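Student: Structure here, sequence nowhere to be found:
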Ligand code: G
Ligand code: G
Ligand code: NA
Ligand code: MN
């Protein structure tokens, strides 16, 4: 039948989807937002990691339309949750931006249009950019970050501590958040070297007026340590792995 034919064709297509990893306030344990993480659903290979296809998409330029789809889908989903859970404290949706996306001159206009279409308030969207991308062309980056920030969009530096960073620029960028790379959280026990690095990043963030998210929290020990260091937010398997949209909706409901 045509229906079977159609579902066969559909099953052969690769398709993009988003998973959402909870970000939690370490002081209260309450849900603060999600990071959107893209996946490719492949008919033969199942869910393919972005590590495999984002670099290819960057090279071919496909990342630009793909990134627009990701932004729209993430904003649409967050707006749906706001409507579904009206008592929800405002959550932030964090979306990763690649270097090529970040260098599109019309990025701010495109995002403003997506926010208008999806009716998501600008302050509910946060963009994650790595320090390497920002530092590659610091002058252009400053102008771009300023535009985005002027539109009310929040900004965070992803994988902080692993890339090339310049402290003299950092304080000039209109940032909101530093995300402490999970490699530092992983090695954090007792008074080891990684604990000192985490402490130093937190001091830096707070001195610059930024908040911090610790990535890759997997144990109660790491959580306790980060809490005692006044790290505002955390993300990692200890709280939840990235969830599909249904499971993320259930996570919100169980957190109300
Ligand atoms: O979700 P996972 O751990 O597999 O992500 C692997 C890497 O892919 C991470 O570095 C993450 O930042 C990146 N990534 C995930 N989703 C996106 C996305 O939507 N856009 C871009 N540019 N990178 C993403
Ligand atoms: O580069 P970026 O920070 O965006 O990478 C996010 C990736 O980290 C996601 O693909 C996600 O699956 C992964 N991740 C999230 N939490 C944990 C964790 O607690 N431990 C490990 N090993 N990886 C995690
Ligand atoms: Na990220
Ligand atoms: Mn990250």
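Tutor: Noted; the coordinates are in hand. Keep in mind that what you see is a predicted model, and the values were worked out from it rather than measured. Ligands and ions are numbered 1, 2, ... in the order given.
Student: Residue numbers of this structure in contact with ligand 3?
Tutor: 96, 128, 158 (C-beta under 5 Å from the ion). The way it works is simple: take the backbone N, C-alpha and C, and place the C-beta from them, glycine included.
Student: Helices along the chain, start to end?
Tutor: Assigned by DSSP state H, the chain shows helices spanning 2-12, 50-60, 63-84, 99-102, 107-118, 131-136, 138-150, 167-170, 182-186, 193-207, 220-228, 245-255.
Student: Between the ones you listed, which one is closest to ligand 1.
Tutor: Closest of the helices of the chain to ligand 1 is helix 50-60, at 3.5 Å (criterion: C-beta to the nearest ligand atom).
Student: tell me which residues in that closest one are buried?
Tutor: 50, 53, 54, 57, 58 (16 or more other C-beta atoms under 10 Å).
Student: likewise stretch 171-183?
Tutor: Buried, per 16+ other C-beta under 10 Å, within stretch 171-183: 173, 175, 176, 177, 178, 179, 180, 181, 182.
Student: who's in contact with the first one?
Tutor: The contact partners of residue 173, taken as C-beta atoms under 8 Å, 6 or more residues apart in numbering, are 134, 141, 142, 145, 155.
Student: what's the distance between residue 143 and residue 134?
Tutor: 12 Å (C-beta to C-beta, to the nearest Å).
Student: and these two? which has more neighbours close in?
Tutor: residue 134 (27 against 11; other C-beta atoms under 10 Å).
Student: From ligand 2, how far out is that one?
Tutor: 15 Å (C-beta to the nearest ligand atom, to the nearest Å).
Student: just residue 123 next, same as before
Tutor: Counting by C-beta to the nearest ligand atom, the gap from residue 123 to ligand 2 is 21 Å.
Student: if I look at that residue, how far off is ligand 3?
Tutor: According to C-beta to the ion, to the nearest Å, residue 123 stands 19 Å off from ligand 3.
Student: how about the nearest residue to that residue, chain neighbours excluded?
Tutor: Closest residue to residue 123 apart from its sequence neighbours, by C-beta to C-beta, 6 or more residues apart in numbering: residue 152 at 5.2 Å.
Student: do the same with residue 141
Tutor: In space, residue 141 is closest to residue 134, 4.6 Å off (C-beta to C-beta, 6+ apart).
Student: Quick one: residues contacting that neighbour.
Tutor: 102, 141, 145, 157, 169, 173.
Student: Residue ranges in the chain under the pLDDT threshold?
Tutor: Low-confidence segments of the chain, defined by pLDDT under 70: 1-11.
Student: one more time with 90, if that's ok
Tutor: For the chain, applying pLDDT under 90 flags the ranges 1-14, 87-89, 135-140, 161, 163-172, 187-195, 256.
Student: which parts of it sit against ligand 2?
Tutor: 21, 37, 96, 158, 159, 182, 215, 216, 218, 236, 237, 242 (C-beta under 6 Å from any ligand atom).
Student: returning to that earlier point: mind putting the contacts of residue 134 into JSON lines with distance to residue 65?
Tutor: Output for these, formatted as JSON lines (distance: C-beta to C-beta, whole Å):
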{"residue": "102", "distance to residue 65": "15"}
{"residue": "141", "distance to residue 65": "22"}
{"residue": "145", "distance to residue 65": "23"}
{"residue": "157", "distance to residue 65": "25"}
{"residue": "169", "distance to residue 65": "30"}
{"residue": "173", "distance to residue 65": "27"}
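Student: Of these, which is the most crowded?
Tutor: Result: residue 157 is most packed of these (other C-beta under 10 Å), 25 neighbours.
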